[in-house]
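>>> Got a sequence here, can you model it:
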Amino acid sequence: MNVGSVRETLLSNRVEDVDLAQLREISFCAAKLAVMYSRIGGFSARYVSKAIEVAKEMIADDDCTVFLAFTANLVATGLRGVLAATIDEGLIDAVVTTGGTFDHDIARSLSCYYVGEFELDDSMLWELEVHRLGNVLVPKESYGPVVEEFTHKMLEELVARKSRWTPSELAREVGLRLKDGTSILAAAARKGVPVFSPGIVDSAFGTAVFTFNEVGRSRGCEIQLDVLGDMSTIANLVMDSERLGAIVLGGGISKHHVIWWAQFKGGLDYAVYITTATEFDGSLSGARTREAISWGKMKPSAKHVTVPADATLIFPIVAAALLGDQHELL
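Numbers count the residues shown, from 1 in each chain. Okay, here's the model as predicted:
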């Protein structure tokens with residue numbers, strides 16, 4: 001087996017981001033599709049139709065602070081561009097995500113991921129030095145080394161300004177340095193949208209902060225992560241809001257951080273969840289919107305819906321409909 005040719009064949013089809021122009025092209029069709037789904041009358045189609053309806057009302061409410069929460073695996077796909085577009089178009093007021101979003105946003109801005117298959121031989125991929133994220137292929141050289149080099153270079157600049165940084169401040173600094181038009185962190189930096197990442201150390205980016213400090217300690221050059229500083233920022237944002245809304249893709253810490261803080265303001269007024277997780281095992285990721293009511297994380301009067309589906313299938317339709325002519329929406 002010619003390892004080089006096998007690797008070249010595997011890494012021949014790049015993952016491409018959906019951009020704002022593409023979303024605008026399908027916005028009218030997405031709105032019409034939502035109407036069709038509402039008329040189908042049964043099963044999962046109804047959930048998608050209601051998700052667009054609730055999201056539209058949430059975003060149209062000028063007194064509502066809209067949170068977008070998502071897991072980092074989505075950033076490895078072309079959905080990254082859709083997420084960036086919603087931020088760029090002013091639909092989102094704050095982002096909550098996992099540390100891996102830093103990894104994939106940096107790596108995909110500076111290198112490439114590729115289309116693969118779930119069924120590929122992982123032992124073979126290990127030999128080829130190719131990571132598999134579901135059916136996305138991530139060459140070893142496009143991930144860890146890229147993220148570490150970028151992060152160390154940035155931290156050298158930042159530590160000269162101050163030593164203590166919140167994750168949201170670091171997110172902004174990363175975004176200011178990424179010139180990719182479909183970068184999530186770049187879009188957030190352009191629009192002044194805070195990006196909160198309470199689990200930032202669980203990532204290649206977080207590890208790069210650690211290794212920067214390990215190397216820099218001998219010369220008194222260390223970065224301190226001020227996670228509690230971001231808790232103060234998000235608390236103020238929530239308490240200063242008249243109403244709260246959330247679009248949640250996936251689950252985990254991103255989802256929980258939003259609904260956790262919402263409880264201190266009486267709960268969410270609007271919510272759209274899109275998840276493949278099930279609720280029968282009691283997991284946070286699988287919990288439907290209605291469960292949050294029992295915790296005070298969502299108001300009993302809230303407008304809400306859970307769509308049981310893969311976000312890469314559903315969120316482009318929701319986003320395209322929201323970006324279209326408001327008069328065409330439901």
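>>> Which of the helices or strands spans the nearest residue to residue 172 once chain neighbours are set aside?
Using CB to CB, 6 or more residues apart in numbering and skipping the chain neighbours, the partner closest in space to residue 172 is residue 189 (5.0 Å). Every residue, glycine included, has its C-beta placed from N, CA and C. Following DSSP states H and E, one finds residue 189 within helix 184-191.
>>> Who does the helix or strand following that helix pair with, and is each partner parallel or antiparallel?
Per DSSP H and E, the first helix or strand lying C-terminal to helix 184-191 is strand 195-196. Using DSSP bridges, strand 195-196 pairs in its sheet with strand 94-97 (parallel).
>>> mind listing what's buried in the partner strand?
Under the neighbour-count criterion of 16 or more other CB atoms under 10 Å, strand 94-97 has 94, 95, 96, 97 buried.
>>> With respect to residue 78, which of the residues you listed is nearest?
Of all the buried residues of strand 94-97, residue 97 has the smallest distance to residue 78: 16.9 Å, by CB to CB.
>>> The closest one contacts residue 74, doesn't it?
No. At 9.1 Å, residue 97 does not count as touching residue 74 under the criterion of CB atoms under 8 Å.
>>> in the protein, which spans are strands?
Under the criterion DSSP state E, the chain carries strands at the ranges 64-70, 94-97, 114-115, 130-133, 136-139, 164-165, 195-196, 224-225, 243-249, 268-275, 298-308.
>>> Need the residues that contact the last one.
Contacts of strand 298-308 from elsewhere in the structure, counted by CB atoms under 8 Å, 6 or more residues apart in numbering, are 44, 47-48, 50-51, 54, 57-58, 259, 262, 266-276, 288-290, 292-293, 314.
>>> Mind giving me the PyMOL command for buried ones among these?
This is the PyMOL syntax for the buried subset of the contacts of strand 298-308, where burial follows 16+ other CB under 10 Å:
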select buried, resi 47+48+50+51+54+57+58+259+262+267+268+269+270+271+272+273+274+275+288+289+292+293+314
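>>> Mind checking which of the contacts of strand 298-308 are in helices?
Using DSSP state H, 44, 47-48, 50-51, 54, 57-58, 259, 262, 289-290, 292-293, 314 are the members of these that sit in helices.
>>> of those residues, closest to residue 33?
Nearest to residue 33 among the ones in helices among the contacts of strand 298-308, with distances taken as CB to CB, is residue 48, at 8.3 Å.
>>> For the closest one, which non-adjacent residue is closest in space?
Leaving aside its chain neighbours, residue 48 sits nearest to residue 37 (5.1 Å; criterion: CB to CB, 6+ apart).
>>> Tell me who's in contact with that neighbour.
Residue 37 neighbours (CB under 8 Å, 6+ apart): 45, 46, 48, 49.
>>> I'd say the last one and residue 43 touch.
Looking back up the chat, that one is residue 49. No. Applying CB under 8 Å, one finds residue 49 not in contact with residue 43, separated by 11.3 Å.
>>> circling back to that earlier point, for residue 28, see how far away the residue nearest to residue 48 is.
The gap separating residue 37 from residue 28 is 15 Å, by CB to CB, to the nearest Å.
>>> quick revisit: for the residue nearest to residue 172, grab the count of nearby residues.
The number of residues packed around residue 189, counting by other CB atoms under 10 Å, is 20.
>>> same question, residue 197
Residue 197 has 29 neighbours, counted by other CB under 10 Å.
>>> Return the set of residues that bridge with the residue nearest the centre of the chain.
Residue closest to the mean C-alpha point of the chain, counted by CA atoms, centre = their mean, is residue 70 at 3.7 Å. Beta-bridge pairing of residue 70 under DSSP bridges involves residue 97, residue 249.
>>> Run through the residues that contact it.
83, 95, 97, 101, 248, 249, 250, 254, 311.
>>> rerun at 7 Å
Neighbour list for residue 70: 83, 97, 249, 250, 254 [criterion: CB atoms under 7 Å, 6 or more residues apart in numbering].
>>> what's the pLDDT at the second one?
The per-residue pLDDT reported for residue 97 equals 98.
>>> Please write out the alpha-carbon positions of the longest helix seen in the chain in CSV.
Ordering each helix of the chain by length in residues (DSSP H) puts helix 20-40 first. Output in CSV follows, covering the C-alpha atoms of helix 20-40 (Å, rounded to 0.1, in the frame of the first residue of the first chain):
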residue,chain,number,x,y,z
LEU,A,20,-24.2,34.4,4.0
ALA,A,21,-24.7,34.7,0.2
GLN,A,22,-25.7,31.1,-0.1
LEU,A,23,-28.1,31.4,2.8
ARG,A,24,-29.7,34.4,1.2
GLU,A,25,-30.1,32.5,-2.1
ILE,A,26,-32.3,29.9,-0.3
SER,A,27,-34.0,32.2,2.2
PHE,A,28,-37.2,32.4,0.2
CYS,A,29,-37.4,28.7,-0.3
ALA,A,30,-36.6,28.1,3.4
ALA,A,31,-39.6,30.3,4.4
LYS,A,32,-41.8,28.5,2.0
LEU,A,33,-40.5,25.1,3.2
ALA,A,34,-41.5,26.2,6.8
VAL,A,35,-45.0,26.9,5.6
MET,A,36,-45.1,23.5,3.9
TYR,A,37,-43.9,21.8,7.0
SER,A,38,-46.6,23.4,9.1
ARG,A,39,-49.2,22.1,6.7
ILE,A,40,-47.9,18.6,6.7
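>>> Right, I'll leave it there.
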